[in-house]
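1. Okay, sequence plus prediction incoming.
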Amino acid sequence: MSYVLESEADLEEAGSRTDVAGLSGDLARNRADVLLIDLTLGREDAIEAIREVRRVHPEVRIVVLSGCSDPRILKNARDAGAEECVLKSPRIERMLEAIRRTTPTVAAGPPSAS
């Protein structure tokens, strides 16, 4: 994902993980606006990680990236606190659009010069 975000002028990666261990601490240190989480992150329960992030960092918006289109699993992610669920696809634009929809500064546009 890093290589994709590097090419987007309005988005900046605050960190990257391959598991959910330490995720909450990383969010606190990096002050992320949006968490992009893969439901198949490591061997751990990403749904539980979403609940934990929502509890500890309610200001962080959560976008789920999933290769699974099972509506029950996606509903579980939304019920846990995800604002957006995006299916993995070759069209990376869908994921970027979901991130932008949940990011307040991007959605609102740049501040106007007075």
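-> Thanks, I have it. Bear in mind the structure is a predicted one, so any value in this text is a computation, not a measurement.

2. Tell me what the residue most central in space within the chain is bridged to.
-> Geometric centre of the chain, nearest residue: Leu36, 2.1 Å, by Cα atoms, centre = their mean. In this entry, Leu36 is beta-bridged to Val63, by DSSP bridges.

3. For it, report the pLDDT, please.
-> Leu36 carries a pLDDT score of 83 in this model.

4. just Gly81 next, same as before
-> So Gly81 comes in at 94 (pLDDT).

5. residues in contact with stretch 58-65?
-> Residues from elsewhere that reach stretch 58-65, judged by Cβ atoms under 8 Å, 6 or more residues apart in numbering: 27, 32-39, 46, 50, 53-54, 74, 77, 81-86, 88, 95, 98-99, 102-103. C-beta: built from backbone N, CA, C; applies to glycine.

6. Quick one: mean pLDDT for it?
-> The model assigns stretch 58-65 a mean pLDDT of 87.

7. quick one: Ile92 from Ala14, how far?
-> Per Cβ to Cβ, to the nearest Å, Ile92 is found 19 Å from Ala14.

8. Then Ser24?
-> Using Cβ to Cβ, we find Ser24 at a distance of 14 Å from Ala14.

9. Also Ala21?
-> Applying Cβ to Cβ, the value for Ala21 to Ala14 is 17 Å.

10. follow-up on the earlier one: out of the contacts of stretch 58-65, which are buried?
-> Among those, the ones that count as buried by 16 or more other Cβ atoms under 10 Å are 27, 32-37, 39, 46, 50, 53, 74, 77, 81-86, 88, 95, 98-99, 102-103.

11. what are the ranges of the helices in this structure?
-> 2-6, 23-30, 46-56, 71-80, 92-102, 104-108 (DSSP state H).
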